[in-house]
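Chemist: Here is a sequence together with a model predicted from it:
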Amino acid sequence: ALTIAIVGLPNVGKSTLFNALTKNQVLAANYPFATIEPNVGVVNLPDARLAALAEIFGSERILPAPVSFVDIAGIVKGASEGEGLGNKFLANIREADAIAQVVRGFTDEDVVHVDGKVDAASDLETINTELILADLQTLEKAEARFEKEVKGKKADPSTLVAVKAAREWLDTGKPLSASTVDLEPIRELGLLTAKPFIYVFNIDEGVLGDKAKLDELAALVAPAHAIFLDAKLESELIDLDPADAAELLESTGQEESGLDQLARIGFDTLGLQTYLTAGPKETRAWTIPKGAKAPQAAGVIHTDFEKGFIKAEVIGFEDLVETGSIAEARAKGKARIEGKDYVMQDGDVVEFRFNV
Ligand code: GDP
């Protein structure tokens, strides 16, 4: 499953945010047989189309696309040298698809900052340096191994080329995500700074509406995405019923909760989109990479669907809403039969035909 690791210095509000994520027990409710790890929180990708479809089909339930977050214990200066939780911590983020870095922007005399002052730029620097050092260490070990393996013809020489290019780049103090180094040959290393990053600024409720301040923080991490939220507010929102939560959110000048933003931007950062299936039992969103073709999309439902793929009947969401039913959409020529080369579009409503 798709996972985003949450990292950040101690006392920046990671646990507070994560508690809000885990109280949001969507996985437990939607997938009763799934095992839930204690350090995994899930948010549904908000999608207003699902309710509209469920209405048309009289669906018993709605299953949005889940986005999982893994809580990783605090990173500190020296983590790459094995200080604190060190290496175990780094092994955990290696497996994530993306990294969400929580940065403290809130001021509170009672909450100690590990470096003595609240300074987002300096915190970003600390964490990025640790991640770069960790990657350099990984590369150093890998270089020795690949040298042997290439000599013994057990690895391709492109692995060594990639390792050297990556080391040189990191020596300039910048993350691999900003480089043009071809990392494909050394994908297995799970290099941290090559992963997509999202920055989550945990700020005071009153600052959420301060456009100038937010722009200033966003500029620190551009072109990566910045999300602004108040972790304390998020944990309050999660305890309220939807109407009260909407009201509280509106009073802070926000249209979308931080958790919803996190799911949406996480999804986007990972280059994902959804297609939809609908029927009397359920209306459901399925996660696929942008550019996925019809058989690959079918494979997300079941591997047999991909193997035995024949064709897909596809109706655009808007067309379905406009015509009001599959039968009407067919009669008006809005239902298309697509083959194995069809590139899926976000919001396609699909029914697959396949051989078993
Ligand atoms: P972590 O170490 O990054 O997991 O940080 P915690 O979530 O444990 O938060 C550290 C302290 O900061 C706790 O006392 C929280 O109640 C407090 N805190 C977290 N988020 C906020 C916030 O948005 N505003 C304020 N004022 N305090 C917060």
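Modeler: Cool, the structure landed.

Chemist: buried residues in stretch 56-71?
Modeler: In terms of neighbour count (16 or more other C-beta atoms under 10 Å), stretch 56-71 has its buried residues at 56-57, 59, 62-71. In short, each C-beta sits where N, CA and C put it, glycine included.

Chemist: meant to ask about stretch 90-101
Modeler: Going by neighbour count (16+ other C-beta under 10 Å), the buried part of stretch 90-101 is Leu90, Asn92, Ile93, Ala96, Asp97, Ala98, Ile99, Ala100, Gln101.

Chemist: which residues are contacting that stretch?
Modeler: 2-8, 69-70, 72, 79-80, 124, 127, 134, 190, 192, 195-200, 262, 266, 269-270 (C-beta atoms under 8 Å, 6 or more residues apart in numbering).

Chemist: Now name the helix or strand holding Ala312.
Modeler: Taking DSSP states H and E as the definition, Ala312 sits inside strand 309-316.

Chemist: My read is that Val43 contacts Phe69, right?
Modeler: Yes: applying C-beta atoms under 8 Å as the test, Val43 and Phe69 come out as touching, 7.2 Å apart.

Chemist: so how far is the ligand from Leu189?
Modeler: Noted for Leu189: a distance of 28 Å to the ligand, by C-beta to the nearest ligand atom, to the nearest Å.

Chemist: so what's that residue scoring on pLDDT?
Modeler: You'll see Leu189 listed with a pLDDT of 93.

Chemist: And Gly78, by the same measure?
Modeler: So, for Gly78, pLDDT stands at 63.

Chemist: Equivalent analysis for Glu83, please.
Modeler: 53.

Chemist: Could you tell me which residues touch both of Val43 and Phe69?
Modeler: Common neighbours of Val43 and Phe69 (C-beta under 8 Å, 6+ apart) are Leu21, Leu262.

Chemist: Might you list the low-confidence residue ranges for the chain?
Modeler: In the predicted model of the chain, residues 1, 24-38, 73-89, 114-116 satisfy pLDDT under 70.

Chemist: show me the contacts for the residue nearest the centre of the chain.
Modeler: Nearest to the geometric centre of the chain sits Gly266, at 3.2 Å (C-alpha atoms, centre = their mean). Listed by C-beta under 8 Å, 6+ apart, the contact set of Gly266 reads Ile4, Val67, Ala98, Ala100, Ile198.

Chemist: Same check on His113?
Modeler: His113 touches Asn11, Arg104, counting by C-beta under 8 Å, 6+ apart.

Chemist: any idea how far the ligand is from it?
Modeler: Taken as C-beta to the nearest ligand atom, the span from His113 to the ligand is 10 Å.

Chemist: Same question for Asp97.
Modeler: Going from Asp97 to the ligand by C-beta to the nearest ligand atom gives 21 Å.

Chemist: What ranges does the stretch 251-356 of the chain have for its helices?
Modeler: 258-269, 294-301, 303-307, 317-323, 326-331 (DSSP state H, counting those that start in this stretch).

Chemist: right, and the ones you listed - which one's nearest the ligand?
Modeler: Among the helices of the stretch 251-356 of the chain, the nearest to the ligand by C-beta to the nearest ligand atom is helix 258-269 (10.0 Å).

Chemist: re earlier: what would the helices of the stretch 251-356 of the chain look like in TSV with distance to the ligand?
Modeler: Shown next, in TSV, are these (distance: least, C-beta to the nearest ligand atom, whole Å):
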stretch	distance to the ligand
helix 258-269	10
helix 294-301	34
helix 303-307	39
helix 317-323	37
helix 326-331	47
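
Chemist: buried set for the longest helix along the chain?
Modeler: Secondary structure of the chain per DSSP state H: the longest helix is helix 120-151. The neighbour-count check on helix 120-151 (16+ other C-beta under 10 Å) flags 120, 123-124, 126-128, 130-136, 138-139, 142-143, 146, 150 as buried.

Chemist: Next secondary structure after it?
Modeler: Downstream of helix 120-151 (by DSSP H and E), the next one is helix 157-170.

Chemist: Touching that following helix from outside, list them.
Modeler: Outside helix 157-170, the residues touching it (C-beta under 8 Å, 6+ apart) are 132, 135-136, 139-140, 142-143, 146-147, 149-150, 176, 179, 181-186, 191, 193.

Chemist: Tell me which of the buried residues of stretch 90-101 fall in helices.
Modeler: Leu90, Asn92, Ile93.

Chemist: how close does Asp230 sit to the ligand?
Modeler: On the measure of C-beta to the nearest ligand atom, Asp230 and the ligand end up 5 Å apart.

Chemist: For that residue, which non-adjacent residue is closest in space?
Modeler: Glu205 (4.6 Å; C-beta to C-beta, 6 or more residues apart in numbering).

Chemist: Only C-alpha atoms, please: export stretch 297-313 in PDB.
Modeler: Below are the C-alpha coordinates for stretch 297-313, written out as PDB (Å, rounded to 0.1, in the frame of the first residue of the first chain):
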ATOM      1  CA  ALA A 297      -6.100  -0.400 -13.700                       C
ATOM      2  CA  ALA A 298      -8.100  -3.600 -13.700                       C
ATOM      3  CA  GLY A 299      -5.200  -5.300 -11.900                       C
ATOM      4  CA  VAL A 300      -5.700  -3.100  -8.900                       C
ATOM      5  CA  ILE A 301      -9.000  -4.700  -8.300                       C
ATOM      6  CA  HIS A 302      -7.700  -8.200  -8.800                       C
ATOM      7  CA  THR A 303      -4.700  -9.600 -10.600                       C
ATOM      8  CA  ASP A 304      -6.900 -12.000 -12.500                       C
ATOM      9  CA  PHE A 305      -8.700  -8.900 -14.000                       C
ATOM     10  CA  GLU A 306      -5.300  -7.800 -15.500                       C
ATOM     11  CA  LYS A 307      -4.400 -11.300 -16.800                       C
ATOM     12  CA  GLY A 308      -7.800 -11.900 -18.400                       C
ATOM     13  CA  PHE A 309      -8.500  -8.400 -19.500                       C
ATOM     14  CA  ILE A 310     -10.700  -8.100 -22.600                       C
ATOM     15  CA  LYS A 311     -12.100  -4.600 -22.600                       C
ATOM     16  CA  ALA A 312     -13.400  -1.800 -20.400                       C
ATOM     17  CA  GLU A 313     -16.700   0.100 -20.600                       C
END
